[in-house]
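Asker: sharing a sequence plus its predicted fold:
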Amino acid sequence: MRRIEDKASRQVRFSKRRAGLFKKAFELALLCDAEVALLVFSPAGKLYEYSSSSIEGTYDRYQQFAGARRDLNGGGPSTNSDENPSVQSRLREITSWSLQNNADESDANELEKLEKLLTNALTDTKSKKMLAKQNSGGSTSGMNSNSPRGQSEGNT
């Protein structure tokens, strides 16, 4: 598979694939009585979401599950629950901004605010990662498979 170079073709493909993905999420929830939450950010930064129930409730449930799994796997210093409210509040602030503003229609000031929020969140995450590496002897390489979000950069 390769990235689609033509911008118009890429946008059409994104729209069709997004619609198909949301249809499958709906079918999974309906046919199998599964709780499904799906977030998709367009290349322009617009948020599309689907949830068979409350997306916040599903995410909170995921956080509880992920936290219990980390505890079972002997979670390290990065699982300190005192840090979670700060990170979660920043994520909620970013999500709120995304819901209220469409990046395509935003002016430079609004985009600068978003960039600052994301930069601060990234800086904090990098600092916590460095501390975690120092506390564990620096032997970690790559991403932690037990991270709360299985994001991979650049693969969309």
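Answerer: Perfect, I can see it now. Everything numeric here is computed off the predicted structure, so don't read it as measured data.

Asker: any stretches of the chain with poor pLDDT?
Answerer: 68-88, 96-106, 137-156 (pLDDT under 70).

Asker: what is the burial count for residue 60?
Answerer: When neighbours are defined as other CB atoms under 10 Å, residue 60 has 12 of them. Any C-beta I mention is one placed from the backbone N, CA and C, and that applies to glycine too.

Asker: quick check: longest helix of the protein.
Answerer: Criterion DSSP state H: the longest helix present in the chain is helix 108-135.

Asker: remind me what that helix packs against, helices and strands.
Answerer: helix 84-100 (3 or more CB pairs under 8 Å, 6 or more residues apart in numbering; DSSP states H and E).

Asker: can you list phi and psi of residue 49 for me?
Answerer: Per-residue torsions, residue 49: phi -140, psi 150 (degrees, to the nearest 10).

Asker: contact partners for it?
Answerer: By CB atoms under 8 Å, 6 or more residues apart in numbering, the contact list for residue 49 reads 37, 38, 39, 40, 55.

Asker: ok, what's across the strand from the third one?
Answerer: Right, the one you point to is residue 39. Listed by DSSP bridges, the beta-bridge partners for residue 39 are residue 49.

Asker: tell me how many other residues crowd residue 95.
Answerer: Per other CB under 10 Å, the neighbour tally for residue 95 reads 16.

Asker: quick check: phi and psi on the residue lying closest to it once chain neighbours are set aside?
Answerer: Excluding its sequence neighbours, the residue lying closest to residue 95 (CB to CB, 6 or more residues apart in numbering) is residue 47, at 7.6 Å. Reported as degrees, to the nearest 10, the phi and psi values for residue 47 are phi -90, psi 130.

Asker: so residue 47 makes contact with residue 38?
Answerer: No: the pair residue 47 / residue 38 is not scored as a contact, 11.0 Å apart, by CB atoms under 8 Å.

Asker: which of those two has more neighbours?
Answerer: residue 38 (19 against 15).
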